[in-house]
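**Q** structure here, sequence nowhere to be found:
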């Protein structure tokens with residue numbers, strides 16, 4: 001993973017998790033207003049107003065709420081829903097639990113940030129917001145932080161990362177049975193994989209690194225969803241025109257680039273040498289600490305405006321007959337000169353020899 005490009009650099013080129021993957025795998029809305037604004041408020045009062053129960057101080061920690069508290073107070077739906085107001089409260093609690101447990105998890109896996117609860121006040125407005133770009137911005141940030149050697153944990157949407165890897169790299173998962181039911185989440189076909197024995201030994205990690213270093217262009221599935229589109233509800237691809245946009249993704253203080261132009265083959269489009277973009281390095285170190293009264297929609301107004309112009313940042317290029325590029329193609333020649341393609345030192349040495357011989361051959 002390269003923080004400056006938000007892409008995985010493999011021997012055959014770049015690939016990444018895109019807005020398309022978020023829409024296909026999670027069914028979240030892509031177009032819409034960004035998730036941003038004030039990240040600090042009276043948290044106990046907010047919970048009381050929107051969920052109808054005031055949590056004890058021990059259940060709160062720095063604007064976060066223990067998810068066990070949500071489970072305890074909002075588990076038995078049939079016994080407590082007797083009005084529209086109660087139904088809405090349980091709906092908010094359920095969505096907040098999904099946010100904290102699957103979409104925007106923190107490193108503790110026990111808390112959910114309450115700054116997202118304020119967006120659940122009006123549920124009709126909530127569904128029109130860009131939760132998809134919010135989740136992807138957070139996932140990018142977590143992947144970037146995880147590249148630091150001293151970080152041992154990763155937050156974000158683990159289910160998104162896992163499903164993306166299974167669909168794109170078939171060697172990571174056993175062959176899956178075909179979906180027998182229409183209109184079920186694509187992740188449902190992988191339920192059996194959750195019961196596989198866990199293999200976490202150090203030797204296994206080394207082997208996986210070697211697998212990735214030896215990947216060929218045929219080992220990556222560039223467009224895994226084409227044949228699955230008829231099985232999906234329309235809302236999964238209603239914002240498809242935005243998938244190919246090179247745009248800034250926003251989640252309060254988090255601002256991350258979505259470099260669609262670097263992975264055009266994932267959209268069935270000819271891959272050219274990508275344009276040079278500004279690396280927002282200073283934003284990578286930005287956190288919520290010491291910024292209690294910050295209105296991030298105002299602080300990041302220039303980035304919000306760029307998100308609002310997303311339809312003007314869509315890449316439209318000729319489609320490609322095949323995503324596989326030859327070693328002598330313009331892009332691959334450029335790519336070899338501008339990246340690090342191997343993970344392990346042994347693979348790097350082996351790959352360097354092959355790459356050097358190839359370059360000498362092409363130069364002649």
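**A** Yep, it's here. Please read these numbers as outputs of a predicted model, since none were measured by experiment. Residues are numbered from 1 along each chain as shown.

**Q** for this protein, which segments count as helices?
**A** Here the chain has its helices, by DSSP state H, at 19-26, 43-51, 67-73, 77-80, 84-98, 123-126, 131-146, 158-168, 202-213, 281-284, 296-299, 301-308, 330-337, 345-363.

**Q** buried stuff in the third one?
**A** The one in question is helix 67-73. Buried positions in helix 67-73, judged by neighbour count with 16 or more other C-beta atoms under 10 Å: 67, 69, 70, 73. No exception for glycine: its C-beta is placed from N, CA and C like everyone else's.

**Q** excluding its backbone neighbours, what's nearest residue 249?
**A** residue 137 (3.6 Å; C-beta to C-beta, 6 or more residues apart in numbering).

**Q** sketch out the low-pLDDT regions of the stretch 151-300 of the chain for me.
**A** 174-184, 192-203 (pLDDT under 70).

**Q** which residues in it form strands?
**A** Secondary structure of the stretch 151-300 of the chain by DSSP state E, counting those that start in this stretch: the strands cover 247-251, 254-258.

**Q** from the contact counts, what lies against the last one?
**A** In this structure, strand 254-258 makes packing contacts with helix 131-146, strand 247-251, helix 281-284, judged by 3 or more C-beta pairs under 8 Å, 6 or more residues apart in numbering; DSSP states H and E.

**Q** residue 320 versus the residue nearest to residue 37 when sequence neighbours are not counted, what's the distance?
**A** Nearest non-adjacent residue to residue 37, counting by C-beta to C-beta, 6+ apart: residue 297, 5.0 Å away. As defined by C-beta to C-beta, to the nearest Å, residue 297 lies at a distance of 39 Å from residue 320.

**Q** contacts only, for the closest residue to residue 224 other than its chain neighbours.
**A** Leaving aside its sequence neighbours, residue 224 sits nearest to residue 167 (C-beta to C-beta, 6+ apart; 4.3 Å). Counting by C-beta atoms under 8 Å, 6 or more residues apart in numbering, residue 167 makes contact with 25, 186, 221, 224, 225.

**Q** how about stretch 81-100: buried residues?
**A** 88, 89, 90, 91, 92, 93, 95, 96, 97, 99, 100.

**Q** ok, and the closest non-adjacent residue to residue 324?
**A** Residue 324's closest residue in space is residue 217 (C-beta to C-beta, 6+ apart), at 4.6 Å.

**Q** tell me the contacts of that neighbour?
**A** Applying C-beta under 8 Å, 6+ apart to residue 217 gives the contacts 12, 13, 323, 324, 325.

**Q** then residue 318?
**A** 269, 270 are the contacts of residue 318 under C-beta under 8 Å, 6+ apart.

**Q** cool, residue 315 as well?
**A** Residues near residue 315 by C-beta under 8 Å, 6+ apart: 244, 245, 246, 260, 261, 264, 267, 269.

**Q** list the contacts for the third one?
**A** Which is residue 246. With C-beta under 8 Å, 6+ apart, residue 246 has these contacts: 257, 258, 259, 260, 261, 275, 277, 313, 315.

**Q** same check, this time on residue 280
**A** Neighbour list for residue 280: 255, 256, 257 [criterion: C-beta under 8 Å, 6+ apart].

**Q** ok so, going back, farthest-separated two in the buried residues of helix 67-73?
**A** 67 and 73 (11.0 Å; C-beta to C-beta).

**Q** would you turn the strands of the stretch 151-300 of the chain into a markdown table with mean neighbour count?
**A** Formatted as a markdown table, those follow (neighbours: other C-beta atoms under 10 Å):
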| stretch | mean neighbour count |
| --- | --- |
| strand 247-251 | 25 |
| strand 254-258 | 24 |
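
**Q** tell me the confidence at the spatially most central residue of the chain?
**A** Central residue of the chain (C-alpha atoms, centre = their mean): residue 136, 3.4 Å from the mean position. Residue-level confidence at residue 136 comes out at 99, pLDDT.

**Q** so it sits right up against residue 25, yeah?
**A** No. With contact defined as C-beta atoms under 8 Å, residue 136 does not count as touching residue 25 (11.0 Å).

**Q** residues in contact with the residue lying closest to residue 99 once chain neighbours are set aside?
**A** Using C-beta to C-beta, 6+ apart and skipping residues adjacent in sequence, the residue nearest residue 99 is residue 116, 5.3 Å away. Each residue near residue 116 by C-beta under 8 Å, 6+ apart is listed here: 35, 96, 99, 104.

**Q** apply 7 Å and report the result again.
**A** By C-beta atoms under 7 Å, 6 or more residues apart in numbering, residue 116 lies in contact with 96, 99, 104.
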